[in-house]
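In: predicted model, plus sequence, below.
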Amino acid sequence: MTPWCGVLELLAPSRCLSCRARGPAPWCQDCHAEVRVLGAACVRCSAPKGGAHACWPADAPVTGTVAAYDYRGVVATAIVTAKLAGAHAGWPGLVAPLAARLQADPPPVDVVTAITTPATRVRERGRDHAVLLAELVAGTLGLPAHPLLEAVAGRDGRDRYRARHRLPGTDVLLVDDVLTTGATAWRAAAALRAAGAGVIHLAVLARAGTHPLGIAVRHAR
């Protein structure tokens with residue numbers, strides 16, 4: 001360990017992102033036992049297999065989805081802590097299972113990008129966590145990671161996205177932390193498709209529930 005690492009450990013010691021006990025991030029042994037990793041899932045929406053479920057609508061701009069965790073309990077607490085409390089050192093450990101899944105079955109894409117955060121929130125948090133996640137995933141897959149999207153916070157609470165460049169036929173892996181309603185991913189993917197992108201695959205750390213995706217976007221049209 002370098003002297004600087006020792007200083008950083010004193011100022012910001014490694015802790016469990018869920019219970020905050022000192023130890024290796026992202027979880028202590030007790031909290032790790034409560035982590036719910038997703039098993040076999042639908043390739044389009046990542047909902048667990050084994051029965052009917054509401055998938056992405058047929059007109060969704062997302063072709064496939066990969067998620068590592070069920071967003072609840074210690075997983076939800078850890079992601080919120082890493083994102084809002086500045087515990088950035090926990091992200092590599094959190095993303096490892098997702099990166100492993102993608103590496104085992106790589107999506108046929110040309111580039112990895114993040115569902116970026118509006119600049120106002122990045123200044124508040126100190127870092128765009130989605131960009132970090134995209135870089136970690138890209139490094140595992142041996143693919144380039146590029147900032148393809150710009151995000152602006154809307155007055156209605158919905159972030160708006162636009163592509164930074166034309167993307168004729170480019171297949172993209174879009175990365176974010178949590179998939180909830182699917183509205184954010186839909187808007188981000190639609191912006192890429194409007195710029196000419198081809199297939200859009202989505203990779204998220206966790207999926208929240210098994211409810212229908214994209215309903216809020218369709219109702220807002």
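Out: Yep, that arrived. Residues are numbered from 1 along each chain as shown.

In: if we ignore the residues flanking it in sequence, what's nearest the most centrally placed residue in the chain?
Out: Residue closest to the mean C-alpha point of the chain, counted by Cα atoms, centre = their mean, is Asp176 at 2.1 Å. Counting by Cβ to Cβ, 6 or more residues apart in numbering, Ile115 is the residue found nearest to Asp176 once chain neighbours are left out, at 4.2 Å. Heads up, the C-betas are built off the backbone N, CA and C, glycines and all.

In: repeat that for Ala60.
Out: Distances taken as Cβ to Cβ, 6+ apart put Gly214 closest to Ala60, at 5.2 Å, once the chain neighbours are dropped.

In: ok, the one you found - contacts?
Out: Gly214 sits next to 56-57, 60, 181-183, 186 when contact means Cβ atoms under 8 Å, 6 or more residues apart in numbering.

In: dump those into JSON lines; add neighbour count and distance to Arg72 as well.
Out: As requested, the contacts of Gly214 are exported to JSON lines (neighbours: other Cβ atoms under 10 Å; distance: Cβ to Cβ, whole Å):
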{"residue": "Trp56", "neighbour count": "23", "distance to Arg72": "21"}
{"residue": "Pro57", "neighbour count": "15", "distance to Arg72": "25"}
{"residue": "Ala60", "neighbour count": "22", "distance to Arg72": "24"}
{"residue": "Thr181", "neighbour count": "16", "distance to Arg72": "16"}
{"residue": "Gly182", "neighbour count": "25", "distance to Arg72": "17"}
{"residue": "Ala183", "neighbour count": "18", "distance to Arg72": "20"}
{"residue": "Trp186", "neighbour count": "25", "distance to Arg72": "23"}
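
In: dump the residues you listed into a markdown table; add distance to Cys28 and secondary structure as well.
Out: Formatted as a markdown table, those follow (distance: Cβ to Cβ, whole Å; DSSP: H, G, I helix; E, B strand; the rest coil):
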| residue | distance to Cys28 | secondary structure |
| --- | --- | --- |
| Trp56 | 36 | coil |
| Pro57 | 40 | coil |
| Ala60 | 38 | coil |
| Thr181 | 31 | coil |
| Gly182 | 32 | coil |
| Ala183 | 34 | helix |
| Trp186 | 36 | helix |
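
In: can you list those in JSON lines and add distance to Leu17 and pLDDT?
Out: As requested, the contacts of Gly214 are arranged in JSON lines below (distance: Cβ to Cβ, whole Å; pLDDT from 0 to 100):
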{"residue": "Trp56", "distance to Leu17": "29", "pLDDT": "92"}
{"residue": "Pro57", "distance to Leu17": "34", "pLDDT": "91"}
{"residue": "Ala60", "distance to Leu17": "31", "pLDDT": "94"}
{"residue": "Thr181", "distance to Leu17": "24", "pLDDT": "91"}
{"residue": "Gly182", "distance to Leu17": "25", "pLDDT": "93"}
{"residue": "Ala183", "distance to Leu17": "26", "pLDDT": "92"}
{"residue": "Trp186", "distance to Leu17": "28", "pLDDT": "95"}
